[in-house]
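1. coordinates for the following, if possible.
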Amino acid sequence: MLFRSLALTVSSVATAGSPVLDRVIKSGTLKVAMSGDQPPFNAVSRDKSVIGYDVDMARALANTMKVELEIVQLPFGDLISAVKSGKADLVMSGLAITLERSQEVSFVGPYMMSGKSMLLGAATQEKVKTGADLNNESITLVALKNSTSETFVNRNLPNAKLTTIANYEDGVQMVLNGKADAMVADVPACKLSVLRNPNAGLAVLDKPLSIEPIGIAMAKDDAQFAGLVRNYLSTLER
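-> Now for the predicted structure:
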């Protein structure tokens, strides 16, 4: 009877200390937030379903946990607040692990490495010869709102005009239409934009501007859920 009581007590403490895990178990659903407009990490297909590397990872994670997957599609700038408010259990959306973000959420990973680059329009390639040429008020750059790309521009190219965008598609169109000289984004997104617009004269920098670890974000102070996700991610990597 004593051992049974101890087991029940430990079980009660464990569940009380893991609100996210309790929520996932009770609902039988893992809610993963992503923007749906960061190809190749995630994007909306012609049939309106969300596809991409992040979706594949999220589905594998849900399958390993033996629960259903629900994609919570939100603007990139709202993703972190989604896990903080409980609207989503995880964020998987090409989200770089940074010191600033780690003050708001916990991270597991990285599950891949990325880095910053620039998507340059044809006209920009003619007038920009060095990186210093980009740091002047005659240059207009675009970057995702609340992203590490926005932070990169503010820190390294403070003299350039910066316009924040809700998604990559808007940024690419601004570069194509001459409304922006370049888009600062993750290397895969820049390279994919060139492939999607083969005759538009777009170009990507030869070398990445930074190296960034991409991780899974979740609410802080839930060590049990973080440990579970970490273990499943390690299993998937093997």
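2. tell me how far the helix or strand containing Leu162 lies from the chain's centre.
-> Per DSSP states H and E: Leu162 is located in strand 161-165. Computed by C-alpha atoms, centre = their mean, to the nearest Å, the separation of strand 161-165 from the middle of its chain amounts to 19 Å.
3. helices or strands up against that strand?
-> Here strand 161-165 touches strand 140-144, helix 148-156, helix 168-176, going by 3 or more C-beta pairs under 8 Å, 6 or more residues apart in numbering; DSSP states H and E. Where C-beta positions appear, they are placed from N, C-alpha and C, glycine not excepted.
4. tell me the most buried of the ones you listed?
-> strand 140-144 (a mean of 25; mean count of other C-beta atoms under 10 Å).
5. just the CA atoms of it, as PDB, please.
-> This file holds the C-alpha atoms of strand 140-144, laid out as PDB (Å, rounded to 0.1, in the frame of the first residue of the first chain):
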ATOM      1  CA  THR A 140      15.900  49.100 -49.500                       C
ATOM      2  CA  LEU A 141      16.000  45.700 -47.900                       C
ATOM      3  CA  VAL A 142      13.100  43.500 -46.800                       C
ATOM      4  CA  ALA A 143      13.000  40.800 -44.100                       C
ATOM      5  CA  LEU A 144      10.500  38.800 -42.200                       C
END
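6. returning to what we had before: let me see the mean pLDDT of the strand holding Leu162.
-> For strand 161-165, the mean pLDDT works out to 96.
7. so what touches it?
-> Strand 161-165 has contacts (C-beta atoms under 8 Å, 6 or more residues apart in numbering) with 137, 139-146, 150, 153-154, 171, 174, 180.
8. taking the residues you listed, tell me the two that lie furthest apart.
-> Glu137 and Asn146 (23.6 Å; C-beta to C-beta).
9. of these two, give the one with the bigger neighbour count.
-> When neighbours are counted by other C-beta atoms under 10 Å, Asn146 comes out ahead of the other of Glu137 and Asn146, with 17 against 8.
10. surely that one touches Ser93?
-> No - using C-beta atoms under 8 Å, Asn146 is not in contact with Ser93, being 11.5 Å away.
11. what do those two both touch?
-> By C-beta under 8 Å, 6+ apart, the residues touching both Asn146 and Ser93 are Phe76.
12. now do Ala189 against Ile80, distance only.
-> 19 Å (C-beta to C-beta, to the nearest Å).
13. and these two? Which one has more around it.
-> Counted by other C-beta under 10 Å, Ala189 and Ile80 do not tie: Ala189 has more neighbours, with 25 against 21.
14. per-residue confidence at the residue lying closest to the more buried one once chain neighbours are set aside?
-> Sequence neighbours aside, Tyr168 is the residue nearest to Ala189 in space, at 5.4 Å (criterion: C-beta to C-beta, 6 or more residues apart in numbering). Per-residue pLDDT puts Tyr168 at 93.
15. again, but for Ser106
-> Reported pLDDT for Ser106: 96.
16. if you tally nearby residues, what's the number for it?
-> Ser106 has 19 neighbours, counted by other C-beta under 10 Å.
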